[in-house]
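Enquirer: here is a sequence with its predicted model. Questions after.
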Amino acid sequence: MNTRPEILFPFFTAMTGLNGVGPKTAQNLEKMGIERPKDLIFTLPQSIVNREPRETIQGGVFPSIVTVEVLIGEHKPNSVKGRPYRVTVQDAKTSFQLVFFHARADWLREQLPTGQRRIVSGKVEMFDSIANMVHPDYIVPVAGVNEIPQHEPIYPLTAGVTQKTMQKSVASALERVTHLPEWILPSLAQKHNWPSWADAVRIAHAPKTGADFSPMGPARARLAYDELYAHQVTLALARQKLRRAKGKVTKSTGVLQDKILKSLAFTPTNAQRRAVSEILGDMGEPYRMNRLLQGDVGSGKTLVAFLAMAGVVESGAQAVMMAPTEILARQHLESLQPLAEQSGIVMEILTGRDKGKERSAKLAALAAGKIQILLGTHAVFQKDVEFGALRLAIIDEQHRFGVRQRMDLGAKGAAVDILVMTATPIPRSLALANFGDMDVSILDEKPAGRKPVETVLVNNSRLDQIVDRLKQATADGKQAYWVCPLVGESEVTDWTAAEERYRSLRVALGDENVGLVHGQMPAAQKDAAMADFVAGKTKVLVATTVIEVGVNIPNASIMVIEQAEKFGLAQLHQLRGRVGRGSEKSSCLLLYAGPLGANAKKRLETMRQTEDGFEIAEMDLKLRGAGDVLGVQQSGLPKFKIADIELQSDLMKIAFDDARLLMTTDPTLETERGQAVRVLLYLMEREKAIRLISIG
Ligand SMILES: Nc1ncnc2c1ncn2[C@@H]1O[C@H](COP(=O)(O)OP(=O)(O)OP(=O)(O)O)[C@@H](O)[C@H]1O
């Protein structure tokens with residue numbers, strides 16, 4: 001089945017086939033992304049109006065929608081043009097008025113005969129201390145009470161589309177809903193009490209109880225699950241296809257790794273060992289690796305990467321590691337060069353700064369396979385950079401990379417294995433949504449001997465005290481980072497603030513003790529400032545967030561962050577992660593100015609309470625929302641229509657597990673359930689996923 005199944009045809013016809021949808025309405029609906037009947041079906045009500053009948057309007061809080069049985073009283077036609085027509089009515093306890101601006105008198109007399117009873121439903125408002133119901137939404141005989149929906153769905157609208165049109169066209173689309181083959185595992189549906197797809201759709205559009213309307217109730221939860229499951233099956237198929245794509249078997253011998261381990265001053269953590277063996281185990285298989293290494297700050301990802309690259313060199317091939325900035329690429333070189341030398345590995349660096357002869361020489365050596373490990377910035381992936389036998393590409397700090405970019409990267413060498421390292425833990429649900437096509441190794445253990453970083457919140461008014469304390473600490477040989485306020489508007493303002501602070505700290509602490517780095521400085525000057533700080537020549541390094549990711553200077557044990565309330569949680573965690581990397585006890589001072597908003601307060605409190613990056617990531621997601629945490633556009637994070645990635649992260653995990661399971665039991669979606677999953681993929685317009693199967 002490689003075309004849309006017939007059973008879905010009614011959901012994909014033109015909109016104008018629906019009741020109440022003419023060409024004009026169809027055009028307007030299109031502006032809301034509603035192009036097919038199925039889009040209407042997946043546009044769920046955003047609120048519900050309760051029209052359950054009441055005895056009286058008395059005691060109500062107005063304006064509000066009321067449904068009540070009334071005895072019709074006197075008609076007061078509009079005596080003056082432009083004035084409304086009124087009908088007095090009496091419910092069980094009080095009287096009020098029905099008000100009409102545009103209605104024919106004879107029609108009104110017919111609908112509302114004096115002395116008879118009717119049920120009316122509409123918005124009641126107070127006007128000149130008289131309760132008015134202007135243009136009731138419903139007027140029905142008492143016996144016809146069921147014609148009024150007790151819980152009326154209210155849909156999102158756009159210009160030119162009224163609530164009535166929406167309700168009518170949805171109702172028409174719902175008539176096409178038939179039973180579809182079930183793609184959800186029966187045990188799962190049973191456990192959660194989920195209705196069938198058809199029932200779930202009907203309930204979601206005509207909820208009768210709070211649970212019917214709640215995103216956590218069975219009907220909506222099921223529809224959310226369908227969406228997440230379709231996404232996870234797509235990722236699982238992508239992963240499967242990649243794994244089937246022929247890869248080269250990399251057989252590491254362990255010889256170089258042993259040499260490296262022997263020359264280390266410490267022993268690797270269990271998490272580091274496990275990650276290295278997962279990576280090399282994967283590379284030893286005849287398919288392409290596509291793996292994510294997620295580690296908390298300071299968990300020692302660089303060593304894991306280096307050992308994996310050494311494993312590649314053992315097999316006679318090459319590896320490349322790309323860092324997001326020049327500073328980090330150089331830092332990798334400095335920290336890894338001694339290990340490379342001791343184990344006899346030829347390692348080089350290539351960045352945008354390499355020009356002319358030097359660059360050509362490096363490229364030639366690389367093409368000849370003489371350079372075994374290449375470090376660098378994105379310059380390593382420029383077109384003319386050719387490798388003799390590239391086997392492994394490591395991308396450091398890349399949640400800015402979407403699925404597509406990762407695939408492009410893999411095209412660089414034939415059958416290159418890919419390892420992506422993220423230095424900021426990502427909430428579980430986002431990791432699954434964004435990296436569900438990858439295998440994951442997690443470094444959830446910090447090297448032994450690290451002491452907790454003491455984190456304190458300090459009001460900016462105590463700046464002088466902080467500077468005094470810093471004076472004392474630097475006199476004792478300690479080193480500190482001073483991160484300047486993120487003014488936010490432009491790089492230039494950030495940098496001016498940093499320069500100002502740099503000047504004032506020089507006055508307070510002595511010129512020779514204070515250094516400065518910011519993004520606008522010439523590269524050479526930046527390197528020199530970093531080098532002075534690494535060598536301990538300067539004691540305090542004033543910086544903008546250029547030092548946010550990855551900088552590793554174990555002797556630095558104090559981190560001051562000015563206007564910490566302006567930073568996001570992930571960023572604060574990254575910044576704080578620059579200290580606490582040596583054996584010295586470290587501290588982090590979060591300076592804030594003035595009264596804090598609730599959100600900022602929560603962020604700073606979280607920082608004080610925990611150092612666990614995974615916990616912080618979950619809190620960040622709660623406070624900011626998924627789009628902001630990953631940056632939707634850059635991340636390739638899908639937009640879900642029904643599922644709420646924060647609220648329903650548990651469903652995401654279930655969908656992930658089930659999609660992976662499906663690949664082991666029915667990789668080509670041939671069984672009865674597999675066929676049903678195909679129906680789901682078509683329904684969710686994931687034809688591309690189906691193509692992944694057929695190529696597979
Ligand atoms: N098992 C270990 N025991 C002690 N120190 C270690 C261990 N593994 C790595 N280190 C050291 O810990 C420091 C941090 O390692 P690394 O720079 O790789 O961290 P990271 O995971 O990249 O963190 P971040 O993302 O915060 O930069 C380095 O100085 C490294 O030499």
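Expert: Perfect, I can see it now.

Enquirer: can you give me the strands in the stretch 201-350 of the chain?
Expert: 290-295, 318-322, 347-350 (DSSP state E, counting those that start in this stretch).

Enquirer: which among the ones you listed is found nearest to the ligand?
Expert: Minimum separation from the ligand across the strands of the stretch 201-350 of the chain (CB to the nearest ligand atom) falls at strand 290-295, 4.7 Å. Just so you know, the C-beta spots here come from the backbone N, C-alpha and C atoms, and that holds for glycine as well.

Enquirer: what residues does the stretch 501-650 of the chain have near the ligand?
Expert: Neighbours of the ligand within the stretch 501-650 of the chain, by CB under 6 Å from any ligand atom: 550, 552, 554, 577, 581.

Enquirer: same thing with the chain?
Expert: 266, 268-269, 272, 295, 297-303, 423, 447, 550, 552, 554, 577, 581.

Enquirer: again, only using 8 Å
Expert: Residues of the chain lying close to the ligand by CB under 8 Å from any ligand atom are 264-269, 272, 295-305, 331, 335, 396-397, 421, 423-424, 443, 447-450, 549-552, 554, 574, 577-578, 581-582.

Enquirer: burial check on Leu621, number of neighbours?
Expert: 23 (other CB atoms under 10 Å).

Enquirer: please read the previous query as pertaining to Asn2.
Expert: Considering only other CB under 10 Å, Asn2 is surrounded by 9 other residues.

Enquirer: am I right that it is in contact with Ile690?
Expert: Yes - here Asn2 reaches Ile690: they are 6.4 Å apart, a contact under CB atoms under 8 Å.

Enquirer: got the angle between the lengthiest helix in the chain and strand 290-295?
Expert: Using DSSP state H, we find that the single longest helix of the chain is helix 218-244. Relative orientation of helix 218-244 and strand 290-295, computed by axes from the mean of the first three to the mean of the last three CA atoms, to 10 degrees: 110 degrees.

Enquirer: counting by contacts, list what helix 218-244 packs against.
Expert: With contacts taken as 3 or more CB pairs under 8 Å, 6 or more residues apart in numbering; DSSP states H and E, helix 218-244 sits against helix 186-192, helix 197-205, helix 210-213, strand 290-295, helix 403-410, helix 649-665, helix 672-683, helix 687-695.

Enquirer: and among those, the most buried is which?
Expert: Highest mean neighbour count among the helices and strands packed on helix 218-244 (mean count of other CB atoms under 10 Å): strand 290-295, with a mean of 24.

Enquirer: hmm, back to that, could you dump the helices and strands packed on helix 218-244 to CSV with mean pLDDT and distance to Asp464?
Expert: Formatted as CSV, the helices and strands packed on helix 218-244 follow (pLDDT from 0 to 100; distance: least, CB to CB, whole Å):
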stretch, mean pLDDT, distance to Asp464
helix 186-192, 95, 59
helix 197-205, 95, 60
helix 210-213, 84, 56
strand 290-295, 88, 38
helix 403-410, 55, 48
helix 649-665, 91, 45
helix 672-683, 95, 64
helix 687-695, 75, 61
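
Enquirer: inside strands: which ones of the residues of the stretch 501-650 of the chain next to the ligand?
Expert: Applying DSSP state E to those, no entry is found in strands.

Enquirer: who's in contact with the residue in the stretch 1-150 of the chain that the ligand sits nearest to?
Expert: Per CB to the nearest ligand atom, Gly33 is where the stretch 1-150 of the chain lies closest to the ligand, at 39.1 Å. For Gly33, the contacting residues are Asp39, by CB atoms under 8 Å, 6 or more residues apart in numbering.

Enquirer: how does it look with 10 Å?
Expert: 39, 42-43, 158, 639, 641 (CB atoms under 10 Å, 6 or more residues apart in numbering).

Enquirer: which stretch among the strands of the stretch 201-350 of the chain comes nearest Leu569?
Expert: Among these, the nearest to Leu569 by CB to CB is strand 290-295 (16.7 Å).

Enquirer: got any ranges where the stretch 551-696 of the chain has weak pLDDT?
Expert: Within the stretch 551-696 of the chain, the ranges that satisfy pLDDT under 70 run 624-638, 694-696.

Enquirer: if we can go back for a sec, pipe the residues of the stretch 501-650 of the chain next to the ligand into a markdown table and attach neighbour count and distance to His378 per row.
Expert: A markdown table is the format used below for these (neighbours: other CB atoms under 10 Å; distance: CB to CB, whole Å):
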| residue | neighbour count | distance to His378 |
| --- | --- | --- |
| Gly550 | 24 | 15 |
| Asn552 | 18 | 21 |
| Pro554 | 16 | 27 |
| Gly577 | 25 | 23 |
| Arg581 | 22 | 26 |
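
Enquirer: chain neighbours aside, what residue packs nearest to Leu336?
Expert: Phe306 (5.4 Å; CB to CB, 6 or more residues apart in numbering).

Enquirer: hang on, the one you found packs against Gln257?
Expert: Yes - Phe306 is in contact with Gln257 according to CB atoms under 10 Å; the separation is 9.3 Å.

Enquirer: between these two, who's got more neighbours?
Expert: Higher neighbour count among Phe306 and Gln257: Phe306, with 26 against 20, using other CB under 10 Å.

Enquirer: neighbours around Leu303, how many?
Expert: 23.

Enquirer: I misspoke; the intended subject was Gly594.
Expert: Other residues close to Gly594 by other CB under 10 Å number 9.

Enquirer: so it versus Cys484, what's the distance?
Expert: Gly594 sits 17 Å away from Cys484, going by CB to CB, to the nearest Å.

Enquirer: same check, this time on Ile130
Expert: Distance from Ile130 to Cys484, by CB to CB: 63 Å.

Enquirer: kindly report the same for Asp199.
Expert: As judged by CB to CB, Asp199 and Cys484 stand 58 Å apart.

Enquirer: if we can go back for a sec, name the residues contacting each of Asn2 and Ile690.
Expert: In contact with both Asn2 and Ile690: Arg678, using CB under 10 Å, 6+ apart.

Enquirer: have a look at this structure and report its longest strand.
Expert: Max-length strand for the chain by DSSP E is strand 64-76.

Enquirer: related to what we said a few turns ago, report the buried members of the residues of the chain next to the ligand.
Expert: Buried members of these, scored by 16 or more other CB atoms under 10 Å, are 268-269, 272, 295-305, 331, 396-397, 421, 423-424, 443, 447, 549-552, 554, 574, 577-578, 581-582.

Enquirer: so where do the helices sit in the stretch 351-500 of the chain?
Expert: Using DSSP state H, counting those that start in this stretch, the helices of the stretch 351-500 of the chain run over 356-367, 403-410, 428-435, 463-475, 491-509.
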